[in-house]
Structure formats: C-alpha cells, structure tokens
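Undergrad: Okay, here's the prediction I keep looking at, along with the sequence it came from:
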Amino acid sequence: MSMNALTRAADALAVTPLLNCLLREAADPAADPAADPAASPGADPAADPAAVYRPENQAPGRPENPPPEYVVHRLRVSGRLLRVRPGHRPSGPELWTGHAWRALRHAGLVDLAVQEMRAATGRPNPALAAEMAASRAAVRAVLAARARTAPPDDPWLRSEQALVMGHPYHPAPKARTSDGSPTAWLRYAPEAYARFPLTLLGVREDVLVEDGDTRALDALGETPPGYRLLPAHPWQLELSERAPRVRAAFADGRLIRLGVTPRPARPTASVRTLYVEGDGSRDGGDLFLKFSLDVRITNDVRRMRRHELLHVRRTDPVVSAAFAAMDGPAAWLSDRGYRTVDGLFETCAVVVRDGLDRHLPAGSTAVLAAALAEGFPGNPLDRITDPLPWWSAYLRCVVAPVLEAFARFGVVVECHLQNTLIAVDGRGTPVQSVFRDAEGAKTVPLTPRAAAWRRLVYCLVVNNLSEVAGALTHRFPGSAPALWALARAEFERGGRLPALPDVKELLDSPTLPGKANLLSRWIGAEATAPHYLPVPNPLTGSR
C-alpha cells in the first residue's frame with residue numbers, strides 16, 4: 001500500500017466512528033439546500049417496508065431500490081448542514097458552505113465536532129480533541145504494521161485482532177497514549193498482529209494477595225523458595241516500574257524478575273487481555289490473562305481497581321452457576337481468580353480466565369462478534385448466500401441465553417460485541433455463543449432491576465444485534481425488515497419466560513437507550529455516569 005493510499009485508508013477508518021457520534025448525538029435529518037425540492041431529498045427508498053429482501057430474485061449486494069447517494073443532517077446547536085454517504089458505515093462527510101458542499105477529511109470533522117460540542121456544553125475539551133487526532137494517527141500506524149506482518153493462522157485469533165476501526169460509535173476508538181506516539185504500544189497492539197512473551201515475576205509469599213482459583217499461573221514457570229509466580233504484561237511493567245512503590249518492591253525483594261514465558265501470548269480485542277495457548281500437559285490448558293493497564297482505551301484507563309476485582313469475585317460464581325444450569329447454546333468464560341501484590345494491589349493485578357478449548361462444540365471455530373461487523377479474512381458472513389437462516393441461528397445463540405439468564409437468575413451479561421464470541425460450524429453457521437467479562441456483568445438485586453435491564457438492552461440490541469444486522473444489510477440490501485422481524489419473533493419467544501414482562505415494553509417502545517460517547521467524554525462523565533440518549537428501536541419498526 002502506497003503512502004497516499006495508507007493515509008486515505010486511515011482517514012476513512014477514523015472518520016466513520018466520529019461521524020456516527022455526531023449523527024447520533026448532535027444532528028437531525030434535513031433537506032438538501034442544493035437539491036431540486038421536487039426530488040424529496042433525504043428519502044431512503046431502501047427503508048421502505050415494501051423493499052423487502054427476497055433471495056429468489058435479488059443477488060447479494062444488489063439492492064432492489066438503490067439508496068440515495070447522500071443524506072443531509074443539520075447540527076442541532078450551530079445549525080450547520082452536513083451530508084454523508086449513508087449505509088452501515090457512513091462516509092464521505094461534506095459541509096455546506098452556503099453555496100456548495102465542501103468535503104471534510106478527518107481533521108476537518110474533528111474541528112466541526114469540537115465547535116459543536118463546545119457550543120452545546122459551554123466548555124472546551126482540548127484533551128479529547130487531541131485524542132481524536134491521536135486515534136487517526138494510531139489507525140495509520142496499525143495499517144502500516146499490518147502491511148508488513150503476517151496475520152495469525154487461527155481464524156479466531158484473526159477475528160480478535162481485526163478491529164482496526166474499533167468501536168463504531170466512539171470519537172477516539174484507537175487512541176492509546178497521551179502523546180499518540182505508536183512506538184510505545186505497537187508491539188503490544190492486537191490490531192498489529194502482536195505476539196510477545198509475558199514477563200515473569202516472583203512475589204514473596206508474605207505479600208501475595210489472591211482469591212479464587214489461580215493455580216494456572218503456577219504452571220507458567222518456576223520460582224525460588226518463598227516466592228509465587230506472578231506474570232506481568234510487559235507494557236504495564238514498562239509504565240509502572242519507575243513508580244517509587246514499584247521500585248521499592250524490587251529493591252527490597254518483595255518482587256524479583258524471573259525472565260519470560262517460553263511461548264508468546266496474543267493480545268485480544270480488549271488489548272489488556274492476553275491469550276495463552278495450552279502446552280498439551282494436564283495442567284497446561286489454554287487460558288486468558290487479564291491485566292491492569294494504565295492506558296486510556298476508549299472510555300477508561302484500564303487499571304483493575306480493587307472494587308472491580310472484588311465485584312468479579314462476587315459476580316463470577318453467580319454467572320458461572322447460571323450458565324451451568326441453562327440448557328442452551330451458550331457458554332461462559334469464568335474469571336476464576338486473581339493474584340496480585342499487597343501494596344501494589346491494582347498495579348500488579350492479573351485475572352485468570354477460562355480458555356476457549358473446553359467451551360467450544362467439537363468441530364466448531366470461534367469468531368469475535370465485533371469482527372463480524374467490521375470484517376476480516378475468513379469472516380463467515382462472506383460465505384453466506386441468504387442472510388435469514390444465518391441470522392436465525394445467530395439470534396438463537398445470543399438472544400435466548402441472555403434473556404434466560406436475566407429472567408431465571410437475575411444475571412445481566414454485558415453482551416456487547418467485544419464480549420461475545422460465536423462458535424460456527426464448518427459451513428460458518430452459528431451453533432453456540434460464548435460470553436466473557438465478569439467485571440461488566442451485573443446481578444439483581446445488587447444492581448437495581450431497571451438499570452440492569454437498560455444495560456442489557458443497550459448491549460444486546462443497540463450494540464450487538466444492530467451492528468451485526470447492519471453488516472448483513474450491507475451485503476444484502478433490502479433485507480433489514482426481514483432480519484428485524486426474525487429478531488422480534490426471537491424476543492417474543494423470550495418474553496414467554498416467567499418473570500420477564502420487560503420484553504413487551506421493549507417491543508412496544510419506539511426508542512432504545514444508545515450511549516452518547518462523544519458527549520460523555522466531552523463532559524468527563526464516561527467512567528462514572530455515561531450519558532444515554534434515545535435511538536430508534538428496530539424491533540418496533542419490524543411489526
């Protein structure tokens with residue numbers, strides 16, 4: 001890829017999430033001032049309920065009614081007009097100058113977002129503006145790294161490391177460090193196909209802190225008498241080793257260095273969670289290790305705080321028991337224990353999570369749900385010729401277990417795209433879901449029921465189903481009404497579960513809660529009380 005092509009590709013990938021934020025949070029549909037009034041600008045023939053997907057007379061990728069080339073939106077505060085190419089991933093933003101449309105690259109779109117948010121909130125946020133620019137620079141660095149690095153052979157690992165664009169509704173999904181320089185993090189980036197050994201530390205037994213089942217950590221290496229093994233993410237160690245408390249722990253022997261693991265680990269989509277392959281021994285099965293990482297990724301600095309680790313130990317046994325009791329096509333990756341150091345509790349924490357191998361049906365392959373929407377080599381969606389059977393199988397694997405866990409056990413699985421894996425058979429058809437991340441899971445009554453249900457609806461419908469359905473609609477234009485009719489039927493079946501009257505209200509509501517990541521980041525509410533705003537409910541429209 002040439003330098004110019006690399007720059008254009010990075011710009012396009014960085015534009016889409018920021019554009020999505022502006023359109024969701026700060027704009028309304030408008031007429032095109034440059035269009036013929038008789039042409040009804042802004043109408044989308046493909047959204048007409050009559051334009052139903054029919055596989056018998058429509059080739060994939062060829063719409064019966066072509067969508068408009070552009071749709072126009074008016075920014076609510078400034079009144080400025082913005083037009084975009086519509087679709088699953090809106091693109092090509094242009095700003096109305098009063099006489100003509102002017103194309104906006106990513107830098108221009110950042111300027112527009114900054115002006116709109118400052119006018120809307122009455123406050124500046126230069127740090128977020130810098131992160132938006134850094135995110136675009138990170139995408140370019142990742143694209144360059146991918147061009148010179150071979151992807152993993154394993155299709156599941158390829159899917160975990162496929163998210164070059166990242167969160168489709170975040171203003172800076174790929175910002176990694178405050179200065180935006182990729183030199184510090186590219187060698188640890190999943191999007192750059194990174195693989196690296198873990199650093200092995202010994203922690204003196206009198207300052208060891210652990211809870212749950214951490215035996216898998218002891219199989220990673222050997223320690224001298226009086227010490228226990230503690231793996232460390234090398235990036236986190238680089239970030240923290242100059243801190244006085246960490247330096248003191250090495251100086252007085254509470255921590256010692258023991259080298260590195262003989263085999264590399266692979267970073268997954270969350271960046272700080274690494275996959276460690278099994279070595280074939282009885283105690284050496286595959287596993288995931290989740291580390292503290294003092295780096296802001298999307299909405300938070302990914303340090304594992306003490307209260308979050310305690311929450312995991314309360315929540316994971318409940319969620320594990322719920323999934324064990326359900327007779328459905330779903331599995332749970334247990335966060336079965338943590339280990340850390342007294343006095344460096346959050347800095348050195350590592351969570352031990354189940355591996356994939358023992359949770360997948362025989363002959364199946366796991367795929368990250370987020371990669372289904374973004375795309376990657378080996379994507380099962382690239383192989384289907386009719387979206388409806390595939391989508392029906394996906395709904396059975398995802399919707400039914402999530403609703404049952406809530407109705408029967410009061411468990412909310414944070415089933416957003418990065419926490420959902422789909423096991424597919426040899427034909428690429430979904431046969432089972434696999435959910436993860438006890439830190440994000442919630443239980444009733446520890447979490448009020450209304451708040452728990454709102455989070456479930458956002459993760460399941462707005463974040464997960466809407467994105468996968470959008471990817472299918474992109475491939476099969478006109479299929480959206482049929483896809484959402486199937487989804488509605490799946491929810492109606494779930495609504496017959498005892499203690500789940502919430503489904504009827506969901507299906508009748510004209511809107512759903514969508515996260516306002518741009519506004520939340522702008523006013524500094526992302527980590528404490530993120531803002532939600534109503535977005536159209538596709539389940540209601542499918543009636």
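TA: That came through fine.
Undergrad: Nearest residue to Leu274 in space, please, no chain neighbours.
TA: Once flanking residues are discounted, Leu274 sits nearest to Ala265: 4.0 Å by C-beta to C-beta, 6 or more residues apart in numbering. C-betas here are computed from N, CA, C, even on glycine.
Undergrad: Same question for Ala119.
TA: Leaving aside its chain neighbours, Ala119 sits nearest to Val77 (4.6 Å; criterion: C-beta to C-beta, 6+ apart).
Undergrad: can you tell me the helix or strand for that neighbour?
TA: Under the criterion of DSSP states H and E, Val77 resides outside all helices and strands.
Undergrad: Against Pro17, how distant is it?
TA: If you measure Val77 against Pro17 using C-beta to C-beta, to the nearest Å, the figure is 21 Å.
Undergrad: need the strands for the stretch 301-450 of the chain, in chain order.
TA: 330-332, 335-341, 350-354, 365-368, 411-412, 420-424, 430-435, 442-443 (DSSP state E, counting those that start in this stretch).
Undergrad: circling back: and Val77 and Pro17? Which one has more around it.
TA: Pro17 (23 against 14; other C-beta atoms under 10 Å).
Undergrad: Surely that one is within a strand?
TA: No: going by DSSP: H, G, I helix; E, B strand; the rest coil, the assignment for Pro17 is helix, not a strand.
Undergrad: On the three-state scheme, Phe288 is what?
TA: Of the three states, Phe288 takes strand under three-state DSSP.
Undergrad: burial count for the nearest residue to Val142 once chain neighbours are set aside?
TA: In space, and not counting its chain neighbours, Val142 is closest to Glu191: 4.4 Å by C-beta to C-beta, 6+ apart. The number of residues packed near Glu191 is 24, by other C-beta under 10 Å.
Undergrad: And what about Glu191, helix, strand or coil?
TA: Quick answer, by three-state DSSP: Glu191 is helix.
Undergrad: Can you name the residues that contact it?
TA: Glu191 makes contact with Val142, Ala145, Arg146, Gln161, Ala162, Leu163, Val164, Lys174, according to C-beta atoms under 8 Å, 6 or more residues apart in numbering.
Undergrad: how near is it to Ser270?
TA: Using C-beta to C-beta, which is the criterion applied here, Glu191 is 12 Å from Ser270.
Undergrad: returning to that earlier point: now render the contacts of Glu191 as JSON lines, adding secondary structure, distance to His311 and neighbour count.
TA: Compiled in JSON lines, those are given as follows (DSSP: H, G, I helix; E, B strand; the rest coil; distance: C-beta to C-beta, whole Å; neighbours: other C-beta atoms under 10 Å):
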{"residue": "Val142", "secondary structure": "helix", "distance to His311": "32", "neighbour count": "25"}
{"residue": "Ala145", "secondary structure": "helix", "distance to His311": "35", "neighbour count": "17"}
{"residue": "Arg146", "secondary structure": "helix", "distance to His311": "36", "neighbour count": "18"}
{"residue": "Gln161", "secondary structure": "coil", "distance to His311": "28", "neighbour count": "26"}
{"residue": "Ala162", "secondary structure": "coil", "distance to His311": "30", "neighbour count": "25"}
{"residue": "Leu163", "secondary structure": "coil", "distance to His311": "26", "neighbour count": "27"}
{"residue": "Val164", "secondary structure": "coil", "distance to His311": "31", "neighbour count": "23"}
{"residue": "Lys174", "secondary structure": "coil", "distance to His311": "28", "neighbour count": "30"}
